[in-house]
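Colleague: Just need the structure, nothing else, for what follows:
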Amino acid sequence: MAFDWWRRRQSRQRIEDGTATPSTFIEQGCEITGEMRFRESVRIEGRAEGEIRAGGLVIVGEPAEIQASIRAEAVIVHGTVDGDIRARRKITLHKTARVVGELQTAGIVIEEGARFKGCIVIGAEEETPATTPVGVPAFSSERALEGSSGA
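Modeller: Modelled structure (predicted):
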């Protein structure tokens, strides 16, 4: 039991620091279109279009051309990605990375030389409560002033 805990902890650490060995490899020259799901980690060197989901690490190799959204524990980009990237732990853009889209993650590393166009959201996506209309502040400064004047 304790061994399983230690193995999972070591696996998470390898995902975070990018040393995890991918269980799946899509080599240069391969083209995949559609929804791709990987139970563990994957390294992509070819072309992919659609949606990529992985339970571990996604590594986008330098020759890779991705036109897809990516969701994973962690994502390391050396190549080209046109699409949103969401990683629970960390996104790393190396100096050869070319990314267009929204990045959402708990941690991010962008090396000097990487190209990125889009926005970065650090942390979990916040949801607007259904009771508060969009664009209307939940606390009005006018009400605050009324309360402080003793009226």
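
Colleague: alpha carbons only for contacts and neighbour counts from here, please
Modeller: Fine.

Colleague: List phi and psi for Gly79.
Modeller: The phi and psi values for Gly79, taken as degrees, to the nearest 10, are phi -110, psi -140.

Colleague: I meant Gly29, not that one.
Modeller: With angles defined as degrees, to the nearest 10, Gly29 sits at phi 100, psi -20.

Colleague: shouldn't it be in contact with Ile44?
Modeller: No. Here Gly29 lies out of contact with Ile44, judged by C-alpha atoms under 8 Å, at a distance of 10.5 Å.

Colleague: what ranges do the strands span in this structure?
Modeller: Along the chain, counting by DSSP state E, strands occupy 24-26, 31-38, 42-44, 47-54, 57-60, 65-77, 80-82, 85-93, 98-110, 115-122.

Colleague: just checking, what packs against the second one?
Modeller: This means strand 31-38. strand 47-54 (3 or more C-alpha pairs under 8 Å, 6 or more residues apart in numbering; DSSP states H and E).

Colleague: Show me what the strand it packs on is packed against.
Modeller: If you count contacts as 3+ C-alpha pairs under 8 Å, 6+ apart, strand 47-54 packs onto strand 31-38, strand 65-77.

Colleague: now the protein, which segments are flagged as low pLDDT?
Modeller: By pLDDT under 70, the weakly predicted segments of the chain are 1-20, 124-151.

Colleague: again, only using 90
Modeller: Residues of the chain that meet the criterion pLDDT under 90 lie in 1-23, 123-151.

Colleague: sorry, back to before: looking at the strands of the chain, which is buried most?
Modeller: Per-residue neighbour counts averaged over each of the strands of the chain give the maximum for strand 57-60, namely a mean of 28 (mean count of other C-alpha atoms under 10 Å).

Colleague: For Ile122, which residues are in contact?
Modeller: Under the criterion of C-alpha atoms under 8 Å, 6 or more residues apart in numbering, the contact list for Ile122 reads Gln104, Thr105, Ala106, Gly107.
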